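A.B. asks: Got a sequence here, can you model it:
(one chain, ligands or ions: 2)
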Amino acid sequence: MSENPEILKIEKAFPLEMGGELPELEIAYHTWGQLNEKKDNVVWVFHALTANSNLADWWGDILCDESALSPNKYFIVCANILGSPYGTSSPLTINPKTGERYYSDFPMYTIRDMVAAHKILRDHLGIEKIAIGLGGSMGGFQAYEWVAQEPALFEKLILVVTGPRELPWRLAVHASQRIAIEADPTWRDRDMRAGEHGVAAARAIGMLSYRNHTIFNQTQADSESKTEGFRADSYMRYQGKKLIDRKFQGYLLWLMTKGMDTHDIGRNRGGVEAVLKTIQAEVLQISIDSDLLFPADEQQWISTHIPNVTYREINSLYGHDGFLTEFGKINKLMLEFLR
Ligand SMILES: CC(=O)SCCNC(=O)CCNC(=O)[C@H](O)C(C)(C)COP(=O)(O)OP(=O)(O)OC[C@H]1O[C@@H](n2cnc3c(N)ncnc32)[C@H](O)[C@@H]1OP(=O)(O)O
Ligand SMILES: N[C@@H](CCO)C(=O)O
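C.D. replies: Ligands and ions are numbered 1, 2, ... in the order given. I've put the predicted structure just below:
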């Protein structure tokens, strides 16, 4: 990370939806811009699976003057998610009860627990209303969950290739990733590199759902006929190495996929459709034509259940990862939406 996050430390027990508890909670976060007097210029950005609270690392253009959400105008908040290795409490955090890292003692958490942590940060920052919530992929899960709990909190929501609940295809991707991690006998070991072979395989499985045929033809084609040493092979292996180097330890990634599986804003609330209808925010919903993980037909179905929604589709060769690589196109839609 290029710039250290602020750390909010809550020295009391943080109860978790599935019955566990953390004796204390740390929340890593970044802010940009100034909260105005009326406190009506808050933008809350929710990051996805492997990003962090520093937008400059993964959506840097959002901080530019040309951005629809420039910090010249808005007070931007981004918090690292619970369970991630980038500063918020996770399996890599020191357990105050033992003086050692939690590792596989870290309890099961859900998207609802991530939102509970966001609410603590919201209160700490003195925020009452959020002008714009923005999230792609798992970032959008947090936005959907928060608006399900507080339908009037956001004035506007920008939801990019995401959804109100997990569906069988994504559950299958996560299950496959866990099968890969569990096949590494070290995955629950108490050290930083536990399960690294499993993590490498799990990242490769993930990449198959984040990208597609077209982008691999474009970026990973070999310039000559070969029998081994294919570019696509070394690319997939390198992606696994990168994730391991970013401290995505075996148990940590395994648990993160479990947390994502629980995402369902309709659970114990009368179902997804009923909850979507309660959203009071004006919503911009963006889909990507080549996304295999959150396909456009699912995105269209969701939009038919949100009362005040603008549905837009962008074109990208990148598939699901287009939400990270196509900021220019997303920014254009955001500018139109906010005009
Ligand atoms: C501190 C942080 O890292 S914060 C996290 C920031 N990232 C995120 O939030 C999301 C995770 N990142 C991603 O999903 C991707 O990086 C994206 C979508 C943002 C960008 O995708 P891409 O432009 O395809 O870049 P991607 O990282 O997948 O691959 C490029 C890397 O693969 C390498 N590479 C490309 N082809 C090959 C190949 N055939 N063999 C081996 N390596 C290859 C490149 O040299 C480059 O290496 P580098 O990252 O060390 O510079
Ligand atoms: N490339 C994304 C995929 C999940 O949205 C990530 O690594 O976070």
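
A.B. asks: alpha carbons only for contacts and neighbour counts from here, please
C.D. replies: Fine.

A.B. asks: What's the local residue count around whichever residue of the stretch 101-250 of the chain sits closest to ligand 2?
C.D. replies: Residue nearest to ligand 2 within the stretch 101-250 of the chain (Cα to the nearest ligand atom): residue 137, separated by 5.0 Å. When counting by other Cα atoms under 10 Å, one arrives at 22 neighbours for residue 137.

A.B. asks: Can you tell me how far it is from ligand 1?
C.D. replies: 11 Å (Cα to the nearest ligand atom, to the nearest Å).

A.B. asks: Please name the residues that touch that residue.
C.D. replies: Residue 137 is in contact with 48-49, 160-163, 323, counting by Cα atoms under 8 Å, 6 or more residues apart in numbering.

A.B. asks: same deal with residue 44?
C.D. replies: Going by Cα under 8 Å, 6+ apart, residue 44 touches 76-78, 130, 132-134.

A.B. asks: Same list (those) but as JSON lines, adding pLDDT and distance to ligand 2.
C.D. replies: Listed next are the contacts of residue 44 as JSON lines, based on pLDDT from 0 to 100; distance: Cα to the nearest ligand atom, whole Å:
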{"residue": "76", "pLDDT": "98", "distance to ligand 2": "20"}
{"residue": "77", "pLDDT": "98", "distance to ligand 2": "18"}
{"residue": "78", "pLDDT": "98", "distance to ligand 2": "15"}
{"residue": "130", "pLDDT": "98", "distance to ligand 2": "23"}
{"residue": "132", "pLDDT": "98", "distance to ligand 2": "20"}
{"residue": "133", "pLDDT": "98", "distance to ligand 2": "17"}
{"residue": "134", "pLDDT": "98", "distance to ligand 2": "14"}
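
A.B. asks: Looks like residue 106 contacts residue 90 (just checking).
C.D. replies: Yes. In this structure residue 106 lies within contact range of residue 90 using Cα atoms under 8 Å: 6.9 Å.

A.B. asks: hang on, the earlier thing: buried ones only from the contacts of residue 137, please, as a PyMOL command.
C.D. replies: Here is the PyMOL command that selects only those of these that count as buried (16 or more other Cα atoms under 10 Å):
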select buried, resi 48+160+161+162+163+323
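
A.B. asks: and ligand 2, which of the contacts of residue 137 reach it?
C.D. replies: By Cα under 6 Å from any ligand atom, the members of the contacts of residue 137 lying near ligand 2 are 48-49.

A.B. asks: Get me the contact residues on the stretch 101-250 of the chain for ligand 1.
C.D. replies: Within the stretch 101-250 of the chain, the positions near ligand 1 by Cα under 6 Å from any ligand atom are 220, 231-232, 234-235, 238.

A.B. asks: Show the buried residues in those residues.
C.D. replies: Among those, none is buried by neighbour count (16+ other Cα under 10 Å).

A.B. asks: how much space is there between residue 163 and ligand 1?
C.D. replies: In this view, residue 163 and ligand 1 are 18 Å apart by Cα to the nearest ligand atom.

A.B. asks: give me the element the most centrally placed residue in the chain is part of.
C.D. replies: Nearest residue to the geometric centre of the chain (Cα atoms, centre = their mean): residue 48, 1.6 Å. Assigned by DSSP states H and E, residue 48 falls within no helix or strand.

A.B. asks: does it really touch residue 138, like I thought?
C.D. replies: Yes. Counting by Cα under 8 Å, residue 48 touches residue 138, with 4.6 Å between them.

A.B. asks: hmm, back to that, now, the residues of the stretch 101-250 of the chain next to ligand 1 that are in helices?
C.D. replies: Taking DSSP state H, the ones among these that sit in helices are 231-232, 234-235, 238.

A.B. asks: which one of those is nearest residue 181?
C.D. replies: Distance to residue 181 across these (Cα to Cα) is lowest for residue 238, with 17.1 Å.

A.B. asks: How about the stretch 201-339 of the chain: which residue is closest to ligand 2?
C.D. replies: For the stretch 201-339 of the chain, Cα to the nearest ligand atom, closest residue to ligand 2: residue 321, 5.4 Å.

A.B. asks: which residues touch residue 220?
C.D. replies: Contacts for residue 220 were tallied using Cα under 8 Å, 6+ apart; they are 231-232, 235.

A.B. asks: coming back round to it: and residue 106 and residue 90? which has more neighbours close in?
C.D. replies: Under the criterion of other Cα under 10 Å, the comparison of residue 106 against residue 90 puts residue 90 first, with 25 against 21.

A.B. asks: Can you get me a residue count around residue 221?
C.D. replies: Applying other Cα under 10 Å, we find 12 residues neighbouring residue 221.

A.B. asks: Poorly predicted segments of the stretch 1-150 of the chain, please.
C.D. replies: Applying pLDDT under 70 to the stretch 1-150 of the chain flags residues 1-2.

A.B. asks: So which bits of it are right by ligand 2?
C.D. replies: Within the stretch 1-150 of the chain, the positions lying close to ligand 2 (Cα under 6 Å from any ligand atom) are 48-51, 137.
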